[in-house]
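A.B. asks: one predicted model, sequence on top.
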Amino acid sequence: MSPKRFMSLIAITSCSSVAMAEGKIEMPLADIFYWGGAIDEFYAGGGGDPAAGSQIISIEWTGLSLETYDNVGVPNYGSEAMVGIEATNADGDLETIWFFPFPEANYQGTAANPIAQPDGETFSFDLTDYNLELDALGQLRGLVTAAWWDGADAGEGYFAGMWTGGTVTINYNKIPAPGALALLGLAGLAGSGRRRRH
């Protein structure tokens with residue numbers, strides 16, 4: 001039986017503060033086409049076995065740029081382009097969270113004038129409340145799609161656009177193995193014992 005899947009949508013309107021991370025996964029988002037009505041994977045991987053079960057604490061992106069296409073006389077807008085991550089939630093089910101990196105870009109991006117983040121700008125969004133984790137292999141998936149789709153009349157079978165540059169970064173904190181937690185507990189007991197003798 002396939003695992004349960006859940007989905008959340010997040011429109012990006014401002015940056016949020018994030019906690020410090022112990023590890024990160026960088027997912028290049030360059031020369032990646034995306035469709036309306038279909039979800040494509042642009043990244044699958046992560047921190048490997050040592051990162052298995054690590055808590056995902058934030059997502060960041062920097063240097064993103066985007067072209068959108070006009071396939072049926074109506075252009076796709078930058079505000080419709082979505083980036084998502086699929087990870088494991090606290091119940092062990094797969095969960096996808098979608099983001100709109102350019103929610104106010106209600107216009108077309110072209111090769112000559114792409115929709116782009118200002119140079120040096122980094123967006124961060126805190127994900128600690130979502131209780132997402134890297135899977136048993138320390139991995140997750142990066143996904144792309146378009147929000148607008150209305151069958152053949154809206155360009156079914158054609159690319160909605162292309163991400164032309166940038167990096168999406170996932171920050172995570174490693175969860176100590178049970179043995180390591182036990183050792184930490186013993187160390188704490190030993191330390192408190194020493195303090196009581198003085």
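C.D. replies: Received, thanks.
A.B. asks: give me the local confidence score for the residue nearest the centre of the chain.
C.D. replies: Geometric centre of the chain, nearest residue: residue 85, 4.1 Å, by C-alpha atoms, centre = their mean. In this model, residue 85 is scored at 97, pLDDT.
A.B. asks: show me where the chain has its strands.
C.D. replies: 5-11, 23-35, 40-46, 55-68, 81-89, 94-100, 115-116, 122-126, 132-133, 139-146, 159-173 (DSSP state E).
A.B. asks: among the ones you listed, which comes closest to residue 108?
C.D. replies: Distance to residue 108, taken as C-beta to C-beta, is lowest for strand 55-68 among the strands of the chain, at 5.0 Å. For the C-beta atoms, the positions are set from N, CA and C on the backbone; glycine is no exception.
A.B. asks: and that closest one, what other elements does it pack with?
C.D. replies: Strand 55-68 is packed against strand 81-89, strand 115-116, strand 122-126, strand 132-133, strand 159-173, with contacts defined by 3 or more C-beta pairs under 8 Å, 6 or more residues apart in numbering; DSSP states H and E.
A.B. asks: test my guess that the residue nearest to the centre of the chain contacts residue 144.
C.D. replies: No: look at residue 85 against residue 144 with C-beta atoms under 8 Å: they stay out of range, at 10.8 Å.
A.B. asks: dump the strands of the chain to TSV, plus distance to residue 74.
C.D. replies: Formatted as TSV, the strands of the chain follow (distance: least, C-beta to C-beta, whole Å):
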stretch	distance to residue 74
strand 5-11	22
strand 23-35	16
strand 40-46	22
strand 55-68	11
strand 81-89	15
strand 94-100	19
strand 115-116	17
strand 122-126	28
strand 132-133	35
strand 139-146	13
strand 159-173	11
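A.B. asks: pLDDT-wise, which helix or strand of this protein ranks last?
C.D. replies: Lowest by mean pLDDT, DSSP states H and E among the helices and strands of the chain is helix 178-197, with a mean of 41.
A.B. asks: rewinding a little: what's the least confident stretch among the strands of the chain?
C.D. replies: Looking at these, the weakest mean confidence is strand 5-11, a mean of 53.
A.B. asks: from residue 82, how far out is residue 44?
C.D. replies: Between residue 44 and residue 82 the distance is 18 Å, computed by C-beta to C-beta, to the nearest Å.
A.B. asks: between the two, which has more neighbouring residues?
C.D. replies: Neighbours per residue, other C-beta atoms under 10 Å: of residue 44 and residue 82, the larger number sits with residue 82, 19 against 13.
A.B. asks: tell me if I'm right that the more buried one and residue 100 touch.
C.D. replies: Yes: using C-beta under 8 Å, residue 82 is in contact with residue 100, at 6.0 Å.
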